[in-house]
Each structure stands twice: as structure tokens, then as C-alpha cells.
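# give me a 3D structure for the following:
(one chain, ligands or ions: 3)
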Amino acid sequence: MTSIPKPSEATGAVETAVTYLREHDSEHLAQLDDFLRLESVSADAACADEVRRTAQWIVDEMGRIGIERATLHETSHHPIVTGEWMHAGPEAPTVLVYCHYDVQPADPLEEWVRPPFEPRHEDGRVYARGSGDDKGQLFMHLKAVEAWMKTHGSLPVNLRFFFEGDEEVGSEPIERFIDEHADLLRADVCVVSDGDTFDDDGTPAIGYGLRGIAYWELRVHGPRQDVHSGQYGGGVHNPANALVEMLSQLVDDDGRFTVPGFYDDVRELTEEERAAYAALPFDEDAWADETGVPQPMRGEQGHTLLERLSARPTFDINGIWGGYTGAGAKTIIPAWAAAKISTRLVPDQDFRKIEKLVKDHLESLAPPTVRAEVNVIHGGAPAVTPLDHPGVAPASRALEAGFGKAPLFQRSGGSVPVVAALDAHLGIKTLMLGFANPTGNFHAPNEWMSLRNIRDGMVSIVHLWHELGAMRATDLRSGEDD
Ligand code: BES
Ligand code: MN
Ligand code: MN
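Ligands and ions are numbered 1, 2, ... in the order given. Below you'll find the model as predicted:
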């Protein structure tokens, strides 16, 4: 798609910083373990103090490596951390780095080989909750800056950090924070490291898209309390039955979501984009094998698997419960049943509009024999970033320098709400440079990141500041707004 220029001659300065990383490797990995031991689970109210300690750990670490104005900001939920080093001069670009320090809950605990917050090093991997998503990547950014600061006392670019503690629960505080603290975030470009490389064989990737998300809880209420299914069956509409009847109407035989208006704003792939997708080295069988499913699902007709995985909307039941789930049998009609459901969204779907469309539609699907309650849980906007952005070529060179292989360009199926928010509020475009392993068990038991990606990624970031530092701020700002 984009042809990648040869890596710039690495200057002596870059080499010195890279050597620093190599020489401090074991010390850095031990420190990463300290960071991963902190149980920064944003979804669990019982972890709130630990989430705060994690934010404070980052503030302290930034102070130690010479990042200025390192600050823990209170928000409506978990703290946001910012800091900066702005002495590269007014001509030099200003780069904003975003990562999140919160992690997903670790359950089911019994499936972890070692407890999730006791990092395990094995087979060239670090296993721990947050190793890939996203504390490991945040840590890599700190170390890359440390390498420059310790060896040169300066950075080639002006740098700002923006670290969030609510990404895994929907990033509710960020829009307000961006509005109220624009002066701490303004930059010529943002670098987000919260995704993955192209494969597990050391092929790096530049992300150019993320899906958005909308998420609801649906609760269906039936009789006042559980009733005997023999006495009442055939007369009382079972709310668990009603729930699945409603949900099963949401997707048609062609794998399309049936909510009226849902596809109105979906931007179709161009022929060029489809060709780019088709050209990616993607092995469907290996993919299915890896996930353990017998075969990929049929999905939305008219789209390839890879397209469906990142460029098309999807619908999922994320959880479903209600009624009797204990041992043996219990013959009841439950009083209620519930489900957590979500859709992944693509440009130009508006998550707020979708939230309402689906809520209204579900309410209309509820039969008069039950009462349905639909609550919005959270949402985030989709994003695509331009591949002709002036930061793409230097970022490609930096990744090639770190990994020894040119990056491929991919759209991710996941969501990172800050990307669209920074563009909408401050006009800042994002380069998505993800370093986690694509099969590294994000959100799942035994999450891991390879030492190779940690090391090559840190070296890439060291190069990135060199590459971007060779540009002028005005040349890095993407020309037009799309
Ligand atoms: N890092 C992920 C998103 C991601 C996954 C990007 C894989 C690229 C590849 C992020 O932490 C995440 O899990 N986001 C949530 C967002 C939601 C809670 C609003 C998601 O995608 O479910
Ligand atoms: Mn993440
Ligand atoms: Mn995540």
C-alpha cells in the first residue's frame, strides 16, 4: 500500500540509547515485573486504591527519568497521568504518547498457570495480566525515554504523556479531561501503543483503524418471583425464553444486524482497501486453529474473514444469565433473565446514535407478556487514520530498525476510544504503533508478551523519536482535516 523508505542511517546518538537498553535489560525486566504486580483492575471497585498506586508509580517513575510536570489528575473515576519534556525547541515536533495503565479483571483465576499478578517468565515470554494490554507497552515507552534521557540528557522531540486508568471500562472521563486540559495534550501527532504487531514472528504493524463500540445490558422481567414451571408453564411467558427470542431476532441469515438504520452510516470499503486486505498474508486455517474453533463463523455475507474481523460491524452477546444454574435440575420459570450485549462499530457510525437505535428497537421487540429494561453501559467511537500522514514513513523506518522487518498496515477490530476523541476535540491524528503479540491472550487467562516484542519495540521507540526529531513540527502536522 505505502512503500516504505529504507531506514535512515542510525546516528551514533540512537546507537548509544539502544546500547543503554541492552545493558539494562535484566534490570528493566525486573522493574516491569514490579509494575505488572500492581493490580490495576479498573472494573473492580475493590482495586481502586491499587489503581491509584499504579498511577502514582508512573508519576514517580516519570520524575525519576526526567519527565517534567508529572501529575496525577483526579477524574470522575480513576486518575489520569500526564507529564512532559518540552525542551527540543519550538521547531521540533511535539508528540503525545497515549497508553492505559488499567487492566481487565483476571478471572477465571483457576485457568492461570501462575496467578495473574505474579509475573512468570517462560519461553521468552512474560506472562501476567496487563503484560500486553497495556502496561507492558506503557512501560516500554518509559524505558525508551529513559534511554534517551540517561545517555543524552535530552530527547529529539518534545514529548507529552497521557496515561489513562479507565480504558478497559469505556474511557468515560477522557472527553472532559481533553477539553479541560488541552494545554497538557496539544501535539502535532499522537502515538498510541495499545494494539498488536502483525504476527508473532516479529512482523511489526502500523494500525490505521479501530472499531468503535456500543454496549448495553438487557434485563427481561417476568413473574413477580420464580414460579413452578409445571404450575405456570404455558401461561406465564418465561423471561429467559423471551430474552433469547428477542436476541435471536437481532441478526438475520446473512449475518447482518437487523436494527433499522444500523448500517446507514457505515462507510463501505473501497476497491483499493479491499485489495490491500486481500494482499495481507493471512492464513484462515491457522487463525481458526489458534482460536480452537472448528471453523470460522459464516458471518456477514459479502465480506472476507479479515474484513469482518476489523472493517465491519459485529454483534455479540457478552454474557447471559438468569434462572437456575446450580447442580441438577430445578423446575422453575425464573422471575428475570439478563444479557450483556455489544456491537463493534466502524466509521462513520455514531455510537450515541446507535445506542439509542438499539435501545428503542429492543424495547419494541419486547412482547407484552414481559417487561424489558435496556441500559446503555458504555460506548466509544471508531477511527481510521490516514495512511498518507507524514508520520507514517518515519514510523515505518523506526519499526523496521527495531524489528528488522518492514511493518504491514492493519485495521484492528478492537476499540480505543481516545483515538477518535483526540481527533474530534483537538484535531490530533494518531499513529497506532502496537507492540503486543496478536495471540497474547488479551483479556484472557495467561496473557503474555514476548521478550522479543518488548525489546524490539523499545528499540523502535528510541528510533521513532530520532526519526520524528529529524522533522519540523509543521511538516508533521497532517495537512488537511478529513
Ligand atoms: N487494547 C485494546 C483494544 C485493541 C485490541 C486494539 C486488540 C487493537 C487490538 C483495548 O484495551 C480494549 O480492550 N478496548 C476495549 C474498549 C472498550 C472497553 C470500550 C475493547 O475493545 O473491548
Ligand atoms: Mn488496551
Ligand atoms: Mn483491553
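# going forward, measure contacts and count neighbours with C-alpha atoms only.
Fine.
# so Ala381 touches Glu175, yeah?
No: with contact defined as Cα atoms under 8 Å, Ala381 does not count as touching Glu175 (11.6 Å).
# touching both of the two, which residues are there?
Ala421 (Cα atoms under 8 Å, 6 or more residues apart in numbering).
# neighbour count for those two, which is higher?
Ala381 (25 against 16; other Cα atoms under 10 Å).
# would you mind measuring from that one to Glu355?
12 Å (Cα to Cα, to the nearest Å).
# same deal with Val244?
20 Å.
# so which of the two has more stuff around it?
A direct count of neighbours by other Cα under 10 Å for Val244 and Glu355 places Glu355 higher, at 21 against 15.
# can the helix or strand harbouring that one be said to contact ligand 1?
If you go by DSSP states H and E, Glu355 is part of helix 351-365. No: residues of helix 351-365 are not located near ligand 1 by Cα under 6 Å from any ligand atom, the shortest gap being 10.9 Å.
# which residues does the next helix or strand after that helix contact?
Once helix 351-365 ends, the next helix or strand along the chain (criterion: DSSP H and E) is strand 371-380. Contacts with strand 371-380, where a contact means Cα under 8 Å, 6+ apart, come from 169-172, 212-222, 351-352, 355, 359, 362-363, 366, 415-417.
# only the buried subset of these, as a PyMOL command please.
A single PyMOL command is used to select the members of these judged buried by 16 or more other Cα atoms under 10 Å:
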select buried, resi 169+170+171+172+212+213+214+215+216+217+218+219+220+221+222+351+355+359+362+366+415+416+417
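# pull the residues that contact the helix or strand of the chain with the lowest mean pLDDT.
Least confident helix or strand of the chain, by mean pLDDT, DSSP states H and E, is helix 284-291 with a mean of 91. The contact list for helix 284-291 (Cα under 8 Å, 6+ apart) reads 294-296, 305, 439.
# top of these by neighbour count?
Most surrounded of the contacts of helix 284-291: other Cα under 10 Å gives Leu305, at 18 neighbours.
# can you report how many residues lie near Arg371?
16.
# in the sheet, who's paired with it?
His221 (DSSP bridges).
# and the stretch 151-300 of the chain, which of its residues are near ligand 2?
Asp194 (Cα under 5 Å from the ion).
# change it to 8 Å
Contact residues (Cα under 8 Å from the ion) of the stretch 151-300 of the chain with ligand 2: 167-168, 194-195.
# the stretch 301-450 of the chain now?
Counting by Cα under 8 Å from the ion, the stretch 301-450 of the chain sits next to ligand 2 at Val416.
# give the other helices and strands that the helix or strand harbouring Ala398 contacts.
Using DSSP H and E, Ala398 maps to helix 392-403. Applying 3 or more Cα pairs under 8 Å, 6 or more residues apart in numbering; DSSP states H and E, one finds that helix 392-403 makes contact with helix 451-469.
# the helix it packs on versus helix 392-403: what angle between them?
140 degrees (axes from the mean of the first three to the mean of the last three Cα atoms, to 10 degrees).
# report the mean per-residue pLDDT for helix 451-469.
Regarding helix 451-469, the rounded mean pLDDT is 98.
# got the contact list for the helix or strand just after that helix?
Next in sequence after helix 451-469, counting helices and strands by DSSP H and E, comes helix 473-476. Identification of contacts with helix 473-476 by Cα under 8 Å, 6+ apart yields 90-94, 188-189, 389-391.
# list the buried ones in helix 473-476?
473, 476.
# over to stretch 246-255?
Going by 16+ other Cα under 10 Å, stretch 246-255 has these buried residues: 246-247, 250-251, 255.
# let's see which of those end up in helices.
246-247 (DSSP state H).
# look at the residue of the stretch 251-400 of the chain found nearest ligand 2 and report its pLDDT.
Residue nearest to ligand 2 within the stretch 251-400 of the chain (Cα to the ion): Gly380, separated by 13.3 Å. At Gly380, the pLDDT value in this model is 94.
# what's across from it in the sheet?
Going by DSSP bridges, Gly380 forms beta bridges with Ile213.
# report how many residues lie close to it.
Gly380 has 25 neighbours, counted by other Cα under 10 Å.
# distance of it relative to Leu210?
From Gly380 to Leu210 the distance is 10 Å (Cα to Cα).
# now list whatever residues contact both of those two.
415-416.
# and the nearest residue to Ser171 once chain neighbours are set aside, what does it touch?
Closest residue to Ser171 apart from its sequence neighbours, by Cα to Cα, 6 or more residues apart in numbering: Pro417 at 6.6 Å. Contact partners of Pro417, counting by Cα under 8 Å, 6+ apart, are 167, 170-171, 212, 380-382.
# and with 7 Å instead?
171, 380-381 (Cα atoms under 7 Å, 6 or more residues apart in numbering).
# so what does it look like in phi/psi?
Main-chain torsions, Pro417, degrees, to the nearest 10: phi -60, psi -30.
# any idea of the pLDDT on it?
For Pro417, pLDDT reads 96.
# could you list the low-pLDDT ranges of the chain?
1-10, 479-482 (pLDDT under 70).
# alongside ligand 1, which residues does it contribute?
So far as Cα under 6 Å from any ligand atom goes, the chain lies against ligand 1 at 133, 168-170, 194-196, 380, 412, 414-416.
# nearest to Pro105, of those?
Minimum distance to Pro105 across these is 9.3 Å, recorded for Glu168 (Cα to Cα).
# thought Val103 was touching the closest one, still the case?
Yes: with contact defined as Cα atoms under 7 Å, Glu168 and Val103 form a contacting pair (6.4 Å).
# common neighbours of these two, please.
Counting by Cα under 7 Å, 6+ apart, the residues touching both Glu168 and Val103 are Ser42.
# so for those two, which sits in the more crowded spot?
Val103 (28 against 22).
# Thr343 reaches Thr314, doesn't it?
Yes: between Thr343 and Thr314 there is a contact under Cα under 7 Å: 5.3 Å.
# for the residue of the stretch 1-150 of the chain found nearest ligand 1, which three-state class applies?
For the stretch 1-150 of the chain, the residue positioned closest to ligand 1 under Cα to the nearest ligand atom is Asp133, at a distance of 5.4 Å. With DSSP: H, G, I helix; E, B strand; the rest coil as the basis, Asp133 sits in coil.
# what about it, how many residues nearby?
Asp133: 32 neighbours (other Cα under 10 Å).
# was I right to think it contacts Asp194?
Yes: Asp133 lies in contact with Asp194 (Cα under 7 Å); the separation is 6.5 Å.
# ok, Ala338 - contacts?
Per Cα under 7 Å, 6+ apart, neighbours of Ala338: 218-220, 320-322.
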